[in-house]
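> Need a 3D model of the sequence below.
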Amino acid sequence: MKQFFTQSFKIQAVEKALSRKNGTTLSQVANDLNIGDSTLNKWITKAKRHEFDDVSSNEISRVTRDKRPQDWSLEERLEIIGKCASLDDA
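Residues are numbered from 1 along each chain as shown. Coordinates of the predicted model:
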């Protein structure tokens, strides 16, 4: 049976994957979220290509900059978390 995930969940999963600590693999993040590795990789690719419908390219570009997630400021992290939380569950 195919599962459907909300945009909010997808964005949060991408944020979690991109901000993971050193030594944590994408497989571990996917496993923690009970999704497949390929699903998570697909969502990351979509985010980098700005293909999420309900999220402006400005918001995604804040997540997918060339800057590594561990280099994001606390303000940047808080901003993306707030935007993810405010997304509709459409």
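
> all contacts plus neighbour counts: C-alpha atoms, from now on.
Noted.

> roughly how far out does stretch 15-24 sit from the chain middle?
In this view, stretch 15-24 has its centroid 10 Å away from the chain centroid, taken as CA atoms, centre = their mean, to the nearest Å.

> Ends of it, what's the gap?
End-to-end span of stretch 15-24 (CA to CA, to the nearest Å): 14 Å.

> go on, stretch 17-27?
So stretch 17-27: terminal residues 9 Å apart, CA to CA.

> average pLDDT across that stretch?
Regarding stretch 17-27, the rounded mean pLDDT is 88.

> Now that stretch: buried residues?
17, 18, 19, 20, 26, 27 (16 or more other CA atoms under 10 Å).

> Would you agree the last one is in contact with residue 37?
Yes. Counting by CA atoms under 8 Å, residue 37 is a contact partner of residue 27 at 5.5 Å.

> mind listing the helices for this protein?
Along the chain, the stretches classed as helices by DSSP state H are 7-18, 26-32, 37-48, 57-63, 74-85.

> out of those, deepest packed?
Highest mean neighbour count of the helices of the chain: helix 7-18, a mean of 20 (counted as mean count of other CA atoms under 10 Å).

> List the contacts of residue 11.
43, 47, 84 (CA atoms under 8 Å, 6 or more residues apart in numbering).

> For the protein, which residue occupies the most central location?
For the chain, residue 14 is the residue whose C-alpha lies nearest the centre (CA atoms, centre = their mean; 1.7 Å).

> what separates residue 45 from residue 15, distance-wise?
In terms of CA to CA, residue 45 sits 12 Å off from residue 15.

> residue ranges with poor pLDDT in the protein?
Per-residue confidence for the chain (pLDDT under 70) gives these ranges: 1, 52-69, 87-90.

> if you set the cut-off to 90 instead, what comes out?
Applying pLDDT under 90 to the chain flags residues 1-12, 15-24, 44-90.

> and of the contacts of residue 11, the nearest to residue 7?
Within those, the smallest distance to residue 7 is 8.7 Å, found for residue 84 (CA to CA).
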